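1. predicted model follows, preceded by the sequence.
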Amino acid sequence: MNRKAHFAVLLLSVLSFATPIRANELVPVQYSSLGGATDAGVYLADALGFFKEQGIAVTTNLMTTVPSQIAEMATGRLDVSGIALSPGIFAASARNIGLRIVGDKQSLRPGFSSTRILVRPDLMKATEEETVRALRGKRMAGPGRTTIGFYLVASLFRKYGMDVGDFDFVEIPLPDIVAGLASGAADGALVVEPIGSRAVKAGVATELSDCAEFVPPGGSVTPLVYSEQFAQKRELATGFMKAYMRGARVFVDAFAKGRDRENVIAVIAEHAKIPVDVVRNAFPGGLDPNQRISIAFLDKVQRFYIEQKLLEKPVDLDRLVDMSFADTALKELGIYE
């Protein structure tokens, strides 16, 4: 049986065993993210009928900024979001906005990182250490200091005994970073996919780090977040997690084990509105099949933001993180191996 046929059988088997549910019986759930291929878990759970099996109809809302996502979550207009780790998440918790980090929408791990630090080819040296030292005093571009990207760039410099004062962090919108590298406006940059692979392929930049070493297992750079109102709907919120976890596992099966890879790529490309070749040739993102969250990593990141005066004080992470939904899903689905 070829891969396409195998994927079709998987889809039919999922739908045949699910209790038939009419569209008007599905509970609407509003999901938001900044868009892109790292929403793969949501796309696959939707395409394979996992959400429908839980009685859920997901509507995806593309939002351009983290503050707008948090504001909509606070009012209950959004139920679930993939929110990049930023001072805003911690600050919202400090203001008693009941966000709940419940799982992983994007993580970094060896071989699975859609976030890269690139440098201009003429600055690349024989070793990573020599290259980082050559970047002292140079311009490192990224979308902003209030992003996890600033933390990752700082982590690379700190690895070799330097700090944020040893580079000039320039804020450039992600779509303009490749042009900035090509023009010399930036010497290095923190980029995400598909920008990174395109820049490398075009010869504009060379990869310096995939940043995976700075993020431990369970260290989500873009957590899956529930609103307080949605989290209180225990059955619905748990059903969402079960479906989402299954979608995440299909993604991991495809990119770690090669199972139905081309068909999974096609689903991601269609939903993300990205050409199939771009998805196929991009660096794959990380997606935790067990939806674990590292409290230690969150604490390290929030203390970095406090140190940089982007956050006033640490928040109670046991209050911000709620693993109960993923724990319940794991009891039914088992640990992924």
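-> Yep, that arrived.
2. for the rest of this, base every contact and every neighbour count on C-alpha atoms.
-> OK.
3. per-residue pLDDT, T19?
-> At T19, the model reports a pLDDT of 48.
4. which segments of this structure make up each domain?
-> 3-109+217-333, 115-209 (automatic domain parsing).
5. just the helices from the stretch 1-150 of the chain, written as ranges.
-> For the stretch 1-150 of the chain, the helices defined by DSSP state H, counting those that start in this stretch occupy 3-17, 40-47, 50-53, 66-75, 87-94, 128-134, 148-159.
6. buried stuff in the fifth one?
-> Judged by neighbour count (16 or more other Cα atoms under 10 Å), helix 87-94 contains these buried residues: 87-94.
7. nearest to T38 among the residues you listed?
-> Nearest to T38 among the buried residues of helix 87-94 is I89, at 19.2 Å by Cα to Cα.
8. so what's that closest one up against?
-> 70, 99 (Cα atoms under 8 Å, 6 or more residues apart in numbering).
9. do the one 5 residues further on as well
-> With contacts defined as Cα under 8 Å, 6+ apart, the neighbours of A94 are V315.
10. and the gap between it and G247?
-> Shown here: A94 relative to G247, a distance of 32 Å by Cα to Cα, to the nearest Å.
11. ok, the nearest residue to T328 once chain neighbours are set aside - how many residues close by?
-> Of all residues not flanking T328 in the chain, T238 sits nearest, at 7.2 Å (Cα to Cα, 6 or more residues apart in numbering). Neighbours of T238 under the rule other Cα atoms under 10 Å: 19.
12. isn't T238 right up against A329?
-> Yes: assessed by Cα atoms under 8 Å, T238 is found in contact with A329 at 7.0 Å.
13. run a quick neighbour tally on V276.
-> V276 - counted by other Cα under 10 Å - has 16 other residues nearby.
14. cool, and G285?
-> Neighbour tally, G285, other Cα under 10 Å: 24.
15. so who does it touch?
-> G285 touches 37-38, 106-108, 112-115, counting by Cα under 8 Å, 6+ apart.
16. so, low pLDDT: which residues of this structure?
-> 1-24 (pLDDT under 70).
17. show me the residue at the heart of it, geometrically.
-> The residue lying closest to the centre of the chain (Cα atoms, centre = their mean) is Q106, at 2.3 Å.
18. can you name the residues bridging to that one?
-> Taking DSSP bridges, one obtains T222 as the residues bridged to Q106.
19. any idea how far it lies from Y160?
-> 26 Å.
20. and for S114?
-> S114 is 23 Å from Y160, by Cα to Cα.
21. equivalent analysis for T131, please.
-> For T131, the distance to Y160 (Cα to Cα) stands at 11 Å.
22. check G286 too.
-> From G286 to Y160 the distance is 26 Å (Cα to Cα).
23. more neighbours: S114 and Y160, which one.
-> Per other Cα under 10 Å, whichever of S114 and Y160 has more neighbours is S114, with 26 against 13.
24. ok, that one - contacts?
-> 108, 192-194, 210, 282-286.
25. what about 6 Å?
-> 192-193, 283-285 (Cα atoms under 6 Å, 6 or more residues apart in numbering).
26. ok, now Q106?
-> 220-222, 286-287.
27. who touches stretch 219-229?
-> 73, 79-85, 98-107, 294, 297.
28. try 8 Å this time
-> 73-74, 76, 78-85, 97-108, 148, 293-294, 297-298.
29. state the distance from the closest residue in space to S209 that isn't next to it in sequence to D277.
-> Closest residue to S209 apart from its sequence neighbours, by Cα to Cα, 6+ apart: I117 at 5.2 Å. Counting by Cα to Cα, the separation of I117 from D277 is 22 Å.
30. just give me how far the host helix or strand of L224 sits from the chain centre.
-> Using DSSP states H and E, L224 falls within strand 220-226. Strand 220-226 sits 7 Å away from the centroid of its parent chain (Cα atoms, centre = their mean, to the nearest Å).
31. can I get the CA coordinates of that strand in PDB?
-> C-alpha atoms of strand 220-226 as PDB (Å, rounded to 0.1, in the frame of the first residue of the first chain):
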ATOM      1  CA  SER A 220       8.000  25.200  24.600                       C
ATOM      2  CA  VAL A 221       8.900  28.500  22.900                       C
ATOM      3  CA  THR A 222       5.200  28.900  21.800                       C
ATOM      4  CA  PRO A 223       2.900  27.300  24.400                       C
ATOM      5  CA  LEU A 224      -0.600  26.200  23.800                       C
ATOM      6  CA  VAL A 225      -2.700  28.500  26.000                       C
ATOM      7  CA  TYR A 226      -6.300  28.200  27.200                       C
END
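32. ok, then the element right after it?
-> helix 228-231.
33. next helix or strand past that following helix?
-> Counting by DSSP H and E, what follows helix 228-231 is helix 234-257.
34. which is the next helix or strand following that following helix?
-> In N-to-C order, the element after helix 234-257 by DSSP H and E is helix 261-272.
35. ok, now which ones touch Y43?
-> Applying Cα under 8 Å, 6+ apart, the residues contacting Y43 are 247, 267-268, 271.
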